[in-house]
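**Student:** pasted the sequence and its predicted model underneath.
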Amino acid sequence: MKKVVTVTLGSSKQDFDFQTDFLGEHFAVKRIGADGDHRKAWEMLRRQQANADAIGLGETSDHYHVGLRTIVNRETEKLLKVVTRVPVTTGATLRRLLQVRAVRHVQKELGNYFNNNKVLFLSGMRNYEIAVALSDYTKNLSFADPVFQAGSPLLLGSLAQLELYARGNELVAGQKPFRLLERSLSGLKNMRVANAMAGSHVVVGTFSEIKAIGTVANLEGKTLITSAVHDDQLAFYKQCKVNLVIDVTPNLFGRVVGVATLEAMILAHLGRNANELADDEFEEIITELDITPRLLHPTGKFRNIRRFAFVVHPLSQEFIKKGFPIPKATPKMVMDKVEQLAAYIPPQVYCKMENIVSPTGAEAEGWLLFVGGTPKEMLSHSPEFTYRRLLAAAGMAEKMGAQLMGLGAFTKVVGDAGVTVARRATIPITTGNSYSASGALWAAADAMKRMGLVPLPAKGKRIAAKTMVIGASGSIGSVSARLLAMAFDEVVIAGRDMKKLEELKKSILQDTPDAKVVCSIDYDSLLGDMDMIVTSTSGAGKKILDITKVKPGCVITDVARPLDLPPEEVAKRPDVLVIESGEIELPTQVKGMKSIGLPKNVIYACLAETIVLALEGRFEVFTIGRDTEWEKVKEIYKLGLKHGMKLSAISGVKGVYSDDDIAKVVALAKKARLTWKGGAAAPKATRAPGKKRAAAAKPVAAKAPAKKAAAKKAPTKKAAVKVAAKKAPARKATARAAA
């Protein structure tokens, strides 16, 4: 039977003595606490080596390995040198390996958990390896070493700074002035680190370090990485409402034993000293034992909180007036100057959104970041002007701990639509266009149901209506066409390039073989037949369609940015419902959100995409550029449903449509349809390029029966003259039309 004794500087109240089987051998394991007395610990180590196969030295500072440097702890070295007959260890090697494995395990099991987390190390030099592991996922690392050891008011902010500090520490550690600094001003030091702890997401340290400065005020909701957590320690963490405790020490024996004890048992089993074993040999044993960290939830409920940022900006001078204390009567000339100056304002936090909880249990919180440029100002500068402000916002978001950032309104249109920003930013970027396309079509389908002008289909059947997509060969247009082909009887895909349209039609029929798809490059005459029209072009400022030719009650969904239909065009047809976007309702009551011009708890679809990705833990560049992918539109729609997103509002040029607004459009449409003839006159098929249209074939065929009837019963000469007189104007009109 192997005997292992651990002498620890910790409390003797936690002492234990038990026997167990480990690595195929029987072990007697004993713990002896020295209650912080180094002399007592020295004497215990001297005596116990005669009766043990290996000895562990617990709750003392390891030698520091930072970068390529090793800083020896003199007190620990003095205690280790007492033991000369058997292997002795502080567990430093095993602790280091278990810490790194714990980080990797949690990152995988909890889905990108550490991405861009703000991590505070109460001792960076002691936890250098875990800092290196976490640096693979976040740059937001801070180290309290200079505060505790040298009384510095500043924390270290990077691994490079920690390595430089360790180099200087090696020169002065142990000298009397340094020891005096380390022991003085403990109250001020704790206050400084306590404030840093409050602003962090993850804290790495021992229980004694955490307890010295931890309270419910700065530990609530935090994640702690520590080791050998006992029941009384867990009770403290519960009192402080800690969210997650990652205990790198496994519970292999039905009780918690320190890493020093565990490594001493491995050394006793192998009969070798710690410096004789390579990391690979320890790794093999760890794998054989299937050691994983303990994930403890002190409050009983784990909150997997993800964080996002989203950029907003004023759309006009009116928005600037709402956001700043500017009198409403301010002259236009003054407001023009204010608008120009606002474009140069550095990014600012507009508000923080909290308590966004998915039915899956995932939770998100995030910041709306304000940049000052209106669309007019963004267009008056080069794209680089806006890129720099968006990159400044991304830098701010990264420092706050956001794990991805979305671009709102015109910021996702400028230049190359997010490609450059995503390439230069250090956190993932999305424009939200995938969910915007999905949300707009979702809104259009809902609007048609609410209007009631088209009969609802039976379950599994298509809607008996005709639809058109203008700009169908574009990215969002092609996505729209695919969605409509699944739901409606007929889809006209319109654009400027017949070859591209034919290719799109072929692709749609592969996905939906029974769809009826018509291609058209001369679609103006078809507008009067359409029950729904989707416009998605890149012709900013150009006239895309003649709204006066559209059927009363038609639903037009304008998903182009900038919009295809300006307000003055929309105003011409109050009997037509023009939709700009479908707004999304969040699954829970959001806290802290300021007004963005929508009803409470309702957000724009592009913001919803950012939140859905955060809830899903998908911290990646999702939608950028002008080529929105069909697969991503489908995916984000499904993910939105998974996380409880609902269509809430339908918006037009004047904002959200109320039920009364829609009822007015329906009433006007029904009245206009009584005299509407546009649809009947429109041809039912499109002319293929290069083919001549058959002129007046149907009218000639329609007149033939009339001539036959006239032959049977000829009118009197007087009557014939009257008939001829009546017909003459009609013939004249026909001749004009033909000309």
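**Tutor:** In hand now; what should we look at? Residues are numbered from 1 along each chain as shown.

**Student:** only C-alpha atoms for contact and neighbour calcs from this point on.
**Tutor:** Will do.

**Student:** now residue 379: closest residue in space that isn't a chain neighbour?
**Tutor:** Closest residue to residue 379 apart from its sequence neighbours, by CA to CA, 6 or more residues apart in numbering: residue 414 at 7.7 Å.

**Student:** element containing that neighbour, please.
**Tutor:** Assigned by DSSP states H and E, residue 414 falls within no helix or strand.

**Student:** same question, residue 328
**Tutor:** Counting by DSSP H and E, residue 328 is found in no helix or strand.

**Student:** residues in contact with it?
**Tutor:** residue 321 (CA atoms under 8 Å, 6 or more residues apart in numbering).

**Student:** quick check on it: phi, psi?
**Tutor:** Backbone torsions of residue 328, given as degrees, to the nearest 10, read phi -60, psi -30.

**Student:** just for the stretch 201-350 of the chain, where's the confidence low?
**Tutor:** Residues of the stretch 201-350 of the chain meeting the criterion pLDDT under 70: none.

**Student:** I'd say the residue nearest to residue 379 and residue 383 touch.
**Tutor:** Yes: with contact defined as CA atoms under 8 Å, residue 414 reaches residue 383; the gap is 6.2 Å.

**Student:** and the closest residue to residue 589 other than its chain neighbours, what pLDDT?
**Tutor:** Excluding its sequence neighbours, the residue lying closest to residue 589 (CA to CA, 6+ apart) is residue 601, at 6.2 Å. Listed pLDDT for residue 601 reads 93.

**Student:** hmm, back to that, need the overlap of contacts for residue 414 and residue 383.
**Tutor:** By CA under 8 Å, 6+ apart, no residue touches both residue 414 and residue 383.

**Student:** circling back to that earlier point, the residue nearest to residue 379: neighbour count?
**Tutor:** 18 (other CA atoms under 10 Å).

**Student:** who are the contact partners of it?
**Tutor:** Contacts of residue 414 (CA under 8 Å, 6+ apart): 378-379, 383, 386.

**Student:** over to it: give its phi and psi.
**Tutor:** Main-chain dihedrals, residue 414, degrees, to the nearest 10: phi -60, psi 140.

**Student:** just the helices in the stretch 251-400 of the chain please.
**Tutor:** 259-270, 279-289, 317-323, 332-342, 375-380, 383-400 (DSSP state H, counting those that start in this stretch).

**Student:** quick one: contacts of the fifth one?
**Tutor:** Residues lying outside helix 375-380 but in contact with it, judged by CA under 8 Å, 6+ apart, are 314-316, 339-340, 343, 385-386, 410, 414.

**Student:** select only the buried ones of these in ChimeraX?
**Tutor:** Applied in ChimeraX, the following selects the buried portion of the contacts of helix 375-380 according to 16 or more other CA atoms under 10 Å:
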select :314,315,339,340,343,385,386,410,414
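
**Student:** wait, which of the contacts of helix 375-380 is closest to residue 127?
**Tutor:** residue 386 (40.8 Å; CA to CA).

**Student:** so residue 509, which of the three states?
**Tutor:** Per DSSP: H, G, I helix; E, B strand; the rest coil, the local secondary structure of residue 509 is helix.

**Student:** can you check the one 10 residues further on too?
**Tutor:** Following three-state DSSP, residue 519 is assigned to strand.

**Student:** ditto for residue 491
**Tutor:** Applying three-state DSSP: residue 491 is strand.

**Student:** I'd say it and residue 516 touch.
**Tutor:** Yes: between residue 491 and residue 516 there is a contact under CA under 8 Å: 6.3 Å.

**Student:** alright, calling it a day.
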